[in-house]
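K.L.:
Dropping a prediction and its sequence here:
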Amino acid sequence: MIPHDPIDIGAEQAREAARRELSGPAYEHESWSDLVLRWIDDFLSNVFTEGEGGVPGGLIAGIVLVLVLVAVVALILWRAGRVSRSAASPPDSLYGETAMSAAQHRAESERLAAAGQWADAVRERFRAMARDLEERALVSPLPGRTADELADEAARALPGFRDELAAGARLFDEIVYGGRPGAPPAYERLRDLDERVRTARPALMGGGS
């Protein structure tokens, strides 16, 4: 009987083989987990078929190769998950990509309201209030902070506005992320809150009770 040559393949070749195989048309409509399980099952079947020739070196090399491929595919899936989560997250969940002052956000909100774009007007008015709080040092600038987190921190300096700030943050989230349509009453409430917060004096920190 002619012995089979042992399988000798490096990690880079294994990675490329996995990519070629998993990108084939037979796998187009399968999930990543199904692709991985199916490919490994096919590969193991081939390895054990060749292993019946009585060459233990080939079988051992095949098992090692499978372990390498599993590690490579796991790394690919992990990195794909990280990229997906990163792409789903906005660059700044509160202010968006363009840095603007409170006055600029406020002017933009008025322009949008005049044009009847109420959802965008509400968004910009909340941003104006949030930026104003930062400019007055009532909250610390924190990239990536959510509207709820800002409202919670602002309420420590302005405890009398706690409920209204929380309601404003919920409105912002519902419109910006939940697709709720804007309306004149919602914009008027937020504009009124913004005006009152602008002139409010912060509570003394660390005062006695």
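P.N.:
Yep, that arrived. Numbers count the residues shown, from 1 in each chain.
K.L.:
Now do the contacts for Val139.
P.N.:
Counting by C-beta atoms under 8 Å, 6 or more residues apart in numbering, Val139 touches Ala130, Leu133, Leu150, Glu153, Ala154, Ala157. Quick note: C-beta positions are derived from backbone N, CA and C, even for glycine.
K.L.:
Now tabulate the residues you listed in TSV and tack on pLDDT, secondary structure and distance to Arg201.
P.N.:
Output for the contacts of Val139, formatted as TSV (pLDDT from 0 to 100; DSSP: H, G, I helix; E, B strand; the rest coil; distance: C-beta to C-beta, whole Å):
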residue	pLDDT	secondary structure	distance to Arg201
Ala130	93	helix	19
Leu133	95	helix	13
Leu150	93	helix	19
Glu153	94	helix	17
Ala154	94	helix	13
Ala157	93	helix	10
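K.L.:
Just the closest of these to Trp39, please.
P.N.:
Nearest to Trp39, judged by C-beta to C-beta, of these is Leu150 at 47.1 Å.
K.L.:
Distance check, the residue lying closest to that closest one once chain neighbours are set aside against Ile40.
P.N.:
In space, and not counting its chain neighbours, Leu150 is closest to Ala130: 5.3 Å by C-beta to C-beta, 6 or more residues apart in numbering. Distance from Ala130 to Ile40, counting by C-beta to C-beta, to the nearest Å: 50 Å.
K.L.:
okay, those two: which has more neighbours?
P.N.:
Using other C-beta atoms under 10 Å as the criterion, Ala130 and Ile40 rank with Ala130 on top: 26 against 15.
K.L.:
what residues are up against that one?
P.N.:
The contact partners of Ala130, by C-beta under 8 Å, 6+ apart, come to Leu94, Tyr95, Val139, Ala147, Leu150.
K.L.:
Show me these that map onto strands.
P.N.:
Per DSSP state E, strands hold no members of these.
K.L.:
and these, which of them are in helices?
P.N.:
Ala147, Leu150 (DSSP state H).
K.L.:
right, and the pair among the contacts of Ala130 with maximum separation?
P.N.:
So, the contacts of Ala130 by C-beta to C-beta: farthest apart are Tyr95 and Val139, at 12.8 Å.
K.L.:
Would you map out the domains in the protein?
P.N.:
11-88, 102-199 (automatic domain parsing).
K.L.:
These: lowest mean pLDDT?
P.N.:
When the domains of the chain are compared on average pLDDT, domain 11-88 comes out lowest at a mean of 61.
K.L.:
Quickly note the distance from Glu134 to Pro141.
P.N.:
Applying C-beta to C-beta to Glu134 and Pro141 gives a distance of 5 Å.
K.L.:
Neighbour count: the two, which is higher?
P.N.:
Glu134 (18 against 11).
K.L.:
In CSV: the contacts of Val139, plus distance to Arg189.
P.N.:
Formatted as CSV, the contacts of Val139 follow (distance: C-beta to C-beta, whole Å):
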residue, distance to Arg189
Ala130, 16
Leu133, 18
Leu150, 17
Glu153, 21
Ala154, 17
Ala157, 21
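K.L.:
From those residues, pick the one nearest Arg106.
P.N.:
Ala130 (11.2 Å).
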